[in-house]
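**Student:** how would this look folded up:
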Amino acid sequence: MYALRSNEQKMPSACVTSVHTVVRDGWYNAFTDLTCWKHYYWLSYRRGTSHHADHGMVVVLRSLDLHRWHEAAVFDRPQGISGEVGSGVQDGHFCAVDDRLYLFFTTRVPLGMFVSWTDDGITWSMPQATRMQHVNPYTWRVRHHDGLFYSAVALMGAPHHEQPHLPLDLLVSDDGVTWRQHAQIAAVDACDFTEEQDLLFQPNGELWCVVRTAGPTRIYWAHPPYTDWHGGGAIGQCHAPALCALDGQVFLAGRIEAPVFAGTDTAAYPQGTTALYHLTRDGARPLLAMPVGGDSAYPGLISPAPGKLVMSYYSDVAYWSGILTPKSAAAYEYKRTDSDIYLAEIDVATEA
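**Tutor:** This next block holds a predicted model:
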């Protein structure tokens with residue numbers, strides 16, 4: 001791991017205390033999320049044959065101690081098996097609401113957004129397609145606040161590379177299935193918003209939105225009723241952002257494009273690695289990064305206790321580095337080799 005410390009006063013510092021492999025089974029495992037619900041930890045990931053959605057399924061695990069995991073559910077393509085390349089399930093994200101746990105997940109070719117839920121952790125509902133009038137909105141991450149579901153959405157039926165620039169809208173829902181437009185976060189411009197976003201409600205009611213674009217990642221914010229949005233400043237590169245509040249501070253996890261923590265030649269790394277940032281309205285300050293691989297990131301991020309963060313992520317570092325030989329191929333092959341699911345436990349402190 002690589003750590004970067006700041007000279008600024010009261011700048012949080014972070015230290016990885018434990019990293020362990022949760023899944024290493026010969027599949028291309030990727031695209032994680034993590035939450036706490038009913039005294040259990042819940043982890044989701046996509047199990048497939050490559051980085052893309054080939055033969056993909058979303059797997060849900062649960063644990064009491066972050067080390068021993070049971071398989072709780074597996075979600076296949078609700079539309080049925082298709083022979084088209086890339087038509088499997090791609091990724092899933094949790095939304096925990098009191099006595100119900102929701103899982104939102106996507107399929108590709110064609111793009112579809114679905115939601116399933118459980119009241120007991122054992123039995124899950126049949127997946128339902130999200131809808132907004134005649135559109136299936138791409139609610140990539142969903143958060144719940146004061147009785148409503150929220151998601152920032154720029155995509156309405158196709159991946160971002162297949163459609164023109166669209167505005168970034170805040171959608172709300174009463175049940176997680178039927179959605180309506182609440183406000184426009186940002187108008188159409190050169191940002192080219194992607195589906196990858198996260199929302200965080202502050203204790204004072206302020207709502208933050210972090211979204212990946214074709215360029216740098218951007219941050220926006222609004223006060224209730226969340227109709228008048230501000231910001232739009234660039235906070236650097238952070239793909240698949242995941243937000244978490246801890247001890248009055250906000251932390252951001254995601255993929256950083258270049259291994260700036262290592263101080264090495266960026267040309268040697270196709271993608272980069274998973275990084276943790278301290279986030280303010282003014283920008284994202286890097287705290288630490290996980291070992292660099294060929295393909296890595298798409299984290300989940302939670303705070304189970306004061307001063308503690310837990311981050312899930314995927315990485316092919318064991319195969320890219322040559323430490324392990326892939327089970328599915330004779331040699332490492334970028335975005336088609338084996339990939340594993342990891343969990344990092346992190347201590348966070350605020351400097352005096």
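**Student:** Within its sheet, name the partner strands of the helix or strand hosting Thr274 and how each one runs.
**Tutor:** Secondary-structure element containing Thr274, defined by DSSP states H and E: strand 273-280. With DSSP bridges as the test, strand 273-280 is paired with strand 249-256 (antiparallel), strand 283-289 (antiparallel).
**Student:** Pull out the buried positions in the shortest one.
**Tutor:** Neighbour-count burial for strand 283-289, with 16 or more other C-beta atoms under 10 Å as criterion, is recorded at 284-289. Glycine gets a C-beta too; all of them are placed from N, C-alpha and C.
**Student:** go on, stretch 92-107?
**Tutor:** Of all the residues in stretch 92-107, those buried under the rule 16+ other C-beta under 10 Å are 92-97, 100-107.
**Student:** Gly86: which of these is nearest?
**Tutor:** Nearest to Gly86 among the buried residues of stretch 92-107, counting by C-beta to C-beta, is Thr107 at 9.7 Å.
**Student:** what about the closest one, distance to Asp91?
**Tutor:** In this view, Thr107 and Asp91 are 10 Å apart by C-beta to C-beta, to the nearest Å.
**Student:** pLDDT weak spots in the protein?
**Tutor:** Residue ranges of the chain with pLDDT under 70: 1-10, 156-165, 190, 257-271, 351-352.
**Student:** can you map out the helices along the stretch 51-200 of the chain?
**Tutor:** With helices called from DSSP state H, counting those that start in this stretch, the stretch 51-200 of the chain shows none.
**Student:** if I pick Thr35, what's in contact with it?
**Tutor:** Neighbouring residues of Thr35 by C-beta atoms under 8 Å, 6 or more residues apart in numbering: 41-42, 94-96, 101, 300, 302.
**Student:** now swap in Trp124 and tell me
**Tutor:** The contact partners of Trp124, taken as C-beta under 8 Å, 6+ apart, are 73, 75, 103, 116-118.
**Student:** Okay, and which of the residues you listed map to strands?
**Tutor:** The strands, defined by DSSP state E, take in 73, 75, 103, 116-118 from the contacts of Trp124.
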